[in-house]
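Enquirer: Predicted model and sequence below, questions to follow.
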Amino acid sequence: MLSVLSPVTGTAVGLEEVPDPVFAQGMVGPGTAIRPEPGLQTAVSPVDGRVVKLHPHAFVVVGAADGNGNGGKGVLVHLGIDTVRLDGKGFTALVAEGDDVVAGQDLIRWNPTDVLEGGLSPIVPVIALDAVGDVVSRPVTGEVNRGALLFQWA
């Protein structure tokens with residue numbers, strides 16, 4: 001089992017609450033989402049691994065394989081919906097693509113309130129990429145702090 005941590009503080013909800021059908025219907029992969037608390041936040045890495053994709057509003061961290069079926073798994077964190085439209089405004093990367101990171105390490109500073117005031121949803125999907133079947137277990141619901149366990153990936 002791979003433990004996936006919450007990248008932000010807020011309220012964990014199901015993917016069906018994400019106002020984007022690609023995420024809501026699990027087309028990108030299974031996972032969950034977080035309605036972030038308002039105000040300045042720093043999104044953290046959900047797993048130990050390497051940042052393989054880094055955009056101002058989203059990132060993918062792939063864990064290193066450990067021989068026990070853990071690692072080699074990519075987790076996508078998308079900070080808000082349609083936030084690509086902001087062209088990076090309001091997002092500050094604290095790491096670079098290719099960096100090795102540890103779970104709970106600060107990756108991107110952003111403000112969900114600014115996203116909401118810009119007419120976009122600040123909800124944060126956290127997705128188990130390339131996962132097939134029912135591999136996400138025990139997703140947290142309700143209040144969650146950044147760096148706390150969000151779900152297990154079998």
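Expert: Ah, there it is.
Enquirer: For the spatially closest residue to residue 13 that is not a sequence neighbour, which residues are in contact?
Expert: Spatially, and ignoring its direct neighbours in sequence, residue 13 is nearest to residue 33 (5.4 Å; Cβ to Cβ, 6 or more residues apart in numbering). All C-beta spots, glycine's among them, are computed from the backbone N, C-alpha and C. Applying Cβ atoms under 8 Å, 6 or more residues apart in numbering to residue 33 gives the contacts 12-15, 17-18, 23, 123-126.
Enquirer: okay, the host helix or strand of residue 33 in CSV with CA atoms only?
Expert: Assigned by DSSP states H and E, residue 33 belongs to strand 31-36. Provided in CSV are the C-alpha atoms of strand 31-36 (Å, rounded to 0.1, in the frame of the first residue of the first chain):
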residue,chain,number,x,y,z
GLY,A,31,-8.8,9.5,-6.1
THR,A,32,-10.5,12.1,-4.1
ALA,A,33,-10.7,15.9,-3.9
ILE,A,34,-10.2,18.6,-1.3
ARG,A,35,-12.1,21.9,-1.0
PRO,A,36,-9.2,24.0,0.3
